[in-house]
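Enquirer: below are the sequence and a predicted model for it; my questions follow.
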Amino acid sequence: MSATFDVARIRQDFPILGETIHGKPLVYLDNAASTQKPKAVLDTLRHVYEHDYANVHRGVHTLSQRATDLFEGAREKIRAFINARDIKEIIFVRGTTEAVNLVAQSYGRSSLQAGDEILITAMEHHSNIVPWQMLCQQTGAVLKVAPINLVGEIIMEEFEALLTERTKLVSVVHMSNALGTINPVKRIVELAHAKGVPVMLDGAQAIPHMPVDVQALDCDFYAFSGHKLCGPSGIGVLYGKEALLKAMPPWQGGGDMIRMVTFAKSEYNTLPYKFEAGTPAIAEAVGLGEAVDYLQTIGMDKIAAYEQLLLDYATQKALEIPALKIIGTANDKGAILGFTLHHIHPHDIGTMLDQLGIAVRAGHHCAMPVMDFFGVPATARASFSFYNTAEEVDVLIDGIKQIIEVFG
Ligand code: 7TS
């Protein structure tokens, strides 16, 4: 498909891609839910646990120092990966969900009052809706939702109209997990900043598919999950601008986030540790650092270009099937193909494709308001990664045609 992109070689880095499912070669197209892991990441996890493992930030002994060096080394790798200014701005969390909850409960709870508004969009994942609803219940703030159009793009005039002097925070998905839409986040940040409003970006889907530079975006917070980025589960990142993080109160209390504790009061640690209470996911953070190294060796711009070719090919093939309706047809779109097939329930599509060895997700994709907007209970979703191939797209399309034949 692309002369400069050796997908056959890349696939050899992913042991699981050699599995068979129901006797068929695995065709893994559920990358938006979680990506598979390259051998380099698997080896790193094993190596850390076999040779370098102890708790971090608290031991004078050699293993603890080694583990700490690796853990902090991973933080630096991630800083460079997203071009943050300083490692103080890189908070390790469990994933995107925890990052949004952290900002809601720390930044939101300490700075929002009754009548203040939080502005999101109609294409958010539940993890960028529910934490704000909880914050609204706690503070009396109001959640505002910028609408989307029928191709699945934010209606920017409406977004601008909803951005008022009452708006205290904007939180928007960078790339939609249900529709694939890549939002004009730089423009969104500019509009919000012109009114003095900070912006959080949910980067869970964007970060595996394109280069992300938080300084160029000028966003105030950026959240992502390691497990969608070829890294381990249980580890993710909240980027925040230092001045904001410094002013925010801690979210969770416990070990590591303090400098001094008495029964009368505690003094909190400096950034980033102020937001990292308790023993973190140590080997997993190191594994995420390795994943970032791995992806950078391939090149995020090359990954983005190859995946666009895959998406274009899959879209063109899908459009040849009259019964198939693509949900999410934005102009600027990442490698996600959500679809319905007339009256055939997406769960049946998912189950039948599984029989053919093809893994897709069927359901509401934790974006129930998106399903409501498009008037469907669910969609089937094929989501691609750089290790997928045009041949796999052909297997998917053949599978869909077989389903249509069976259901008539
Ligand atoms: N935001 C977006 C845009 C997502 O796609 C997801 C997960 C999350 C936030 C939450 O990430 P987590 O790692 O904290 O769970 N999306 C999906 C999905 O599309 N299918 O399974 C999980």
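Expert: It's in. These numbers come from a predicted model, not from an experiment. Numbering: from 1, shown residues only.
Enquirer: now do the phi/psi pair for the residue nearest to the spatial centre of the chain.
Expert: By C-alpha atoms, centre = their mean, the mean C-alpha position of the chain lies nearest to Ala204, the distance being 0.9 Å. Torsion angles at Ala204 (phi, psi; degrees, to the nearest 10) stand at phi -50, psi -40.
Enquirer: kindly report the same for Leu245.
Expert: phi -60, psi -40.
Enquirer: per-residue pLDDT, it?
Expert: Model confidence at Leu245, given as pLDDT, is 98.
Enquirer: give me the pLDDT for the residue nearest to it when sequence neighbours are not counted.
Expert: Distances taken as C-beta to C-beta, 6 or more residues apart in numbering place Leu271 nearest to Leu245, at 5.4 Å, with adjacent residues excluded. C-beta coordinates here come from the backbone N, C-alpha and C atoms, glycine included. On pLDDT, Leu271 comes in at 97.
Enquirer: can you check the one 5 residues further on too?
Expert: The predicted local confidence for Glu276 comes out at a pLDDT of 98.
Enquirer: is it in contact with Ile90, as I believe?
Expert: No - contact criterion C-beta atoms under 8 Å: Glu276 and Ile90 do not qualify, at 10.2 Å.
Enquirer: which residues are in contact with both of these two?
Expert: Shared contacts of Glu276 and Ile90, defined by C-beta atoms under 8 Å, 6 or more residues apart in numbering, are absent.
Enquirer: rewinding a little: from Glu242, how far off is the residue nearest to Leu245?
Expert: 7 Å (C-beta to C-beta, to the nearest Å).
Enquirer: between the two, what contacts are shared?
Expert: 88-89.
Enquirer: quick one: contacts of the helix or strand where Ala192 lies?
Expert: Taking DSSP states H and E as the criterion, the element that holds Ala192 is helix 185-194. Contact partners of helix 185-194, identified using C-beta under 8 Å, 6+ apart, comprise 154, 156, 159-160, 163, 167, 170, 172, 174, 198-199, 201, 216-219.
Enquirer: does any bit of the next helix or strand after it sit next to the ligand?
Expert: Beyond helix 185-194 on the C-terminal side, the first helix or strand identified by DSSP H and E is strand 199-202. Yes - counting by C-beta under 6 Å from any ligand atom, the ligand has neighbours in strand 199-202: Asp202.
Enquirer: before we move on, back to that, what sits against the residue lying closest to the residue nearest to the centre of the chain once chain neighbours are set aside?
Expert: Closest residue to Ala204 in three dimensions, ignoring its sequence neighbours and counting by C-beta to C-beta, 6+ apart: Thr96, at 4.2 Å. Taking C-beta under 8 Å, 6+ apart as the criterion, Thr96 is in contact with 125, 127, 202-204, 223-225, 236.
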